[in-house]
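Peer 1: Here is a sequence together with a model predicted from it:
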Amino acid sequence: MNGYIQEDRGNTRRFVQTLELKDDPQMIAEYRRWHSREYHWREIREEIRSVGILEMEIYIFNTTLVMIVDTPLDFDWEKAMARLSSMPRQAEWEALVARLQGCCPEARSDEKWQMMERMFMLYD
């Protein structure tokens with residue numbers, strides 16, 4: 001699994017993923033709304049944290065999303081995503097946002113988001 005050790009962040013592992021949204025300004029606005037502090041489901045944040053994820057951020061440029069996930073060094077991505085997908089609100093949340101994403105609506109979160117590989121850093 002990709003992901004790299006982030007030495008300067010207290011020895012955490014960072015995973016970076018990407019996903020495309022449908023090219024529809026209204027749908028993008030709705031996707032933004034569902035991820036806002038006001039509308040995002042508290043239970044989803046709790047479920048994400050319960051599998052060991054320390055921090056998750058999503059950035060957007062046009063229709064492209066980039067998600068950055070920080071985890072402990074011993075984090076097992078596949079096990080955590082399998083566990084997360086079985087949690088009470090995850091299927092409902094995925095169905096809600098899937099209609100706005102440019103991928104298979106039946107896919108789990110870890111099947112939709114494509115893992116990126118770091119190719120550059122400010123070397124020592």
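Peer 2: Yep, it's here.

Peer 1: so P88 touches E46, yeah?
Peer 2: No: under the criterion of Cβ atoms under 8 Å, P88 makes no contact with E46, lying 10.2 Å away. In this view, the C-beta of every residue, glycine as well, is placed from N, C-alpha and C.

Peer 1: Do a quick rundown of the strands in the chain.
Peer 2: 4-6, 12-20, 55-61, 64-72, 114-115 (DSSP state E).

Peer 1: which residue is nearest the middle of the protein?
Peer 2: Nearest residue to the geometric centre of the chain (Cα atoms, centre = their mean): M67, 4.9 Å.

Peer 1: ok, what's across the strand from that one?
Peer 2: Q17, I58 (DSSP bridges).

Peer 1: residues contacting it?
Peer 2: Going by Cβ atoms under 8 Å, 6 or more residues apart in numbering, M67 touches 16-19, 56-59, 113.

Peer 1: Check the spacing between it and A107 real quick.
Peer 2: Distance, M67 to A107, using Cβ to Cβ, to the nearest Å: 15 Å.

Peer 1: One more: L54?
Peer 2: 25 Å.

Peer 1: Same drill for these two, tell me which one is more crowded.
Peer 2: When neighbours are counted by other Cβ atoms under 10 Å, L54 and A107 differ, and L54 comes out ahead with 16 against 13.

Peer 1: Mind pulling up the pLDDT for that one?
Peer 2: With respect to pLDDT, L54 has a value of 95.

Peer 1: Please verify my assumption that it contacts A80.
Peer 2: No: with contact defined as Cβ under 8 Å, L54 does not count as touching A80 (11.6 Å).
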